[in-house]
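Student: Here is my input; please provide its structure:
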Amino acid sequence: MTKCVKIACILGILGLGCNSAIADDVQKEIEALKKENELLELKKKNEQLKAGKEVKESSVGSAVVERSGFLGFCKGEYKNTGCFIGAELGIAPSVKNNISIAGTNSYDFGSGETSTIPFSLIFGYQHYFAQNMGINFKGYVGYANYNSDITLSQQHTVDYKSQALHYGIELSYLYDFIATPKHTFGLNVGIGYEFGTFLGQGLYKNTDDIQMNLSLDSYTNTAFISSIGLHYFLNTHHQFLLNFKYRGYSIVDGGNKNINGGVVKYVTTPNNLISIAYAYKF
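Tutor: The predicted structure follows:
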């Protein structure tokens, strides 16, 4: 009996030793797994940081403007930035021609009204400083014919000849209500300064009642201008504009000529203009 007890005790001691060894092995495996998980987490975080850096570098690279090619220096961060050239066709619905003839012993005056379709070449630079806001700096040169009849105070009607070259600059602010990759639509307001060189002036009439063949000198007048209108851009390159423009030509700033001791004064005032324009943006 005593011998059996001793054997049982020995087996118990051996069992405890084995269990302790197994527990140590399990603990080591757990610690190894923890370290492996930590390494995997660190590797995952490094990959995420690397991916984020690549995305950031890619976005920064995409913001770099490609300025090569024709007129590449005009390009900017936003798609509607660039140089442009185009044509403008308008209608001046109420142009007034005024004339006065002050002779030694007489005085006569008269006025006439006409409408005309002026034509201009436009060119300039457009810069967008936000997705839907920008400025447009434009230069232009154009031609218009302002011939009309003038009825003098003595009830004689004569032909008044007048043509003009208009040239100036204009700065406009653009605000877009719609701004998509393909379509842009918005409002624009502008101010500018214009020169008008009026040439080919003259009074002509050949009838039984009156004989007049009077050539007048050319003159240059200036005016501040203001405008408001709408613009539409198709695929950013094709630009269409509709504008109303007021030009402050004064009735007192015209031409004059001394003839036979008298003075002839004359002026054309094309103040209002409605225009449509097309421009191609490079």
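Student: and the end-to-end length of stretch 248-259?
Tutor: Stretch 248-259 has an end-to-end distance of 29 Å (Cα to Cα, to the nearest Å).
Student: again with stretch 207-216
Tutor: Where stretch 207-216 begins and where it ends lie 20 Å apart, using Cα to Cα.
Student: Identify all contacting residues around that stretch.
Tutor: Applying Cβ atoms under 8 Å, 6 or more residues apart in numbering, the contact partners of stretch 207-216 are 156, 158, 201-206, 255, 257, 259, 264, 266. C-betas here are computed from N, CA, C, even on glycine.
Student: On the three-state scheme, Gly76 is what?
Tutor: Counting by DSSP: H, G, I helix; E, B strand; the rest coil, the backbone at Gly76 sits in coil.
Student: How about Ser275?
Tutor: Classification of Ser275 by three-state DSSP places it in strand.
Student: Let me see the mean pLDDT of the host helix or strand of Met212.
Tutor: Element membership for Met212 (DSSP states H and E) is strand 211-215. Across strand 211-215, pLDDT averages out at 83.
Student: Return the list of strands paired to it, each annotated with direction.
Tutor: Sheet pairing of strand 211-215 (DSSP bridges) gives strand 183-206 (antiparallel).
Student: and the strand it pairs with, which residues are buried?
Tutor: 184, 186, 188, 190, 192, 194, 196, 198, 201-203, 205 (16 or more other Cβ atoms under 10 Å).
Student: okay, and for the stretch 51-200 of the chain, where does confidence drop off?
Tutor: 51-71, 103-106, 154 (pLDDT under 70).
Student: any chance you could map the strands in it?
Tutor: Ranges of strands within the stretch 51-200 of the chain are 82-102, 107-116, 119-130, 133-145, 148-152, 157-179, 183-206, based on DSSP state E, counting those that start in this stretch.
Student: what about the fourth one, distance to the chain center?
Tutor: The one in question is strand 133-145. 11 Å (Cα atoms, centre = their mean, to the nearest Å).
Student: SS state for Glu31?
Tutor: Put simply, Glu31 is helix when judged by three-state DSSP.
Student: wait, isn't Phe185 in contact with Ile178?
Tutor: Yes: between Phe185 and Ile178 there is a contact at 4.2 Å, judged by Cβ atoms under 8 Å.
Student: For the residue sitting nearest the centre point of the chain, list each beta-bridge partner.
Tutor: Geometric centre of the chain, nearest residue: Asn136, 3.8 Å, by Cα atoms, centre = their mean. Asn136 forms beta bridges with Gln126, Ser172, as assigned by DSSP bridges.
Student: In this structure it contacts Leu174, no?
Tutor: Yes: with contact defined as Cβ under 8 Å, Asn136 counts as touching Leu174 (5.9 Å).
Student: Now do the shared contacts for the two.
Tutor: The contact sets of Asn136 and Leu174 overlap at 126, 188 (Cβ under 8 Å, 6+ apart).
Student: quick one: Tyr128 from Gly192, how far?
Tutor: Distance from Tyr128 to Gly192, counting by Cβ to Cβ, to the nearest Å: 20 Å.
Student: Spatially nearest residue to Thr81, not counting backbone neighbours?
Tutor: What sits nearest to Thr81 in space, not counting adjacent residues and going by Cβ to Cβ, 6 or more residues apart in numbering, is Tyr128, at 4.9 Å.
Student: do Thr114 as well
Tutor: Closest residue to Thr114 apart from its sequence neighbours, by Cβ to Cβ, 6+ apart: Ser148 at 3.7 Å.
Student: for the strand holding Met212, which positions count as buried?
Tutor: Those would be Leu214, for strand 211-215 by 16+ other Cβ under 10 Å.
Student: list the buried ones in the helix or strand just after that strand?
Tutor: Next in sequence after strand 211-215, counting helices and strands by DSSP H and E, comes strand 219-234. For strand 219-234, burial by neighbour count (16+ other Cβ under 10 Å) applies to 219, 221, 223, 225, 227, 229, 231, 233.
Student: Having no further points to raise, I will conclude here.
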